[in-house]
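> heads up, no residue letters with this:
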């Protein structure tokens, strides 16, 4: 890696470049074709990336409280939390997504990033929250 060329044509030299694009766009569209090992390029080309996710980052005054595991910072804050009324609900939404359809009943994945990486929030208790409504389509989730 020698750097990047901006859309305006400016060359920015660097030993490392970061991309906030998805892996397919990063490796197949932004990297020169000969920059990747053929085997790696083939894996990226075959990688399924269909789906839609909206990401919302929130700053909370305190950690979320879980009825099933109350108390301060614990394992419940270090895992992915799925918000849905049942496992069947999650499976139905996932099946619709696998078929390439937006689910009329989307679910949410919630992460408390600062619980596992305190550098993501100001000093004090972890409280940053990322909410990912999955496969929302054109429907606003209010529940």
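Okay, I see it. Predicted model, so just to flag it, every value in this text is computed and none were measured.
> Check which helices and strands the longest helix along the chain is in contact with.
Ordering each helix of the chain by length in residues (DSSP state H) puts helix 87-98 first. Packed against helix 87-98, as judged by 3 or more Cβ pairs under 8 Å, 6 or more residues apart in numbering; DSSP states H and E, are the following elements: strand 107-111. No exception for glycine: its C-beta is placed from N, CA and C like everyone else's.
> so what strands line up beside the strand it packs on?
Take DSSP bridges as the rule and strand 107-111 pairs in its sheet with strand 81-83 (antiparallel), strand 128-134 (antiparallel).
> Which residue, other than its chain neighbours, is closest to residue 120?
Computed as Cβ to Cβ, 6 or more residues apart in numbering, the closest residue to residue 120 that is not its neighbour in sequence is residue 114, at 4.5 Å.
> What distance do you get for the one you found to residue 56?
With distances taken as Cβ to Cβ, to the nearest Å, residue 114 is found 15 Å from residue 56.
> can you check residue 73 too?
22 Å.
> out of these two, which sits in the busier spot?
Higher neighbour count among residue 73 and residue 56: residue 73, with 14 against 11, using other Cβ atoms under 10 Å.
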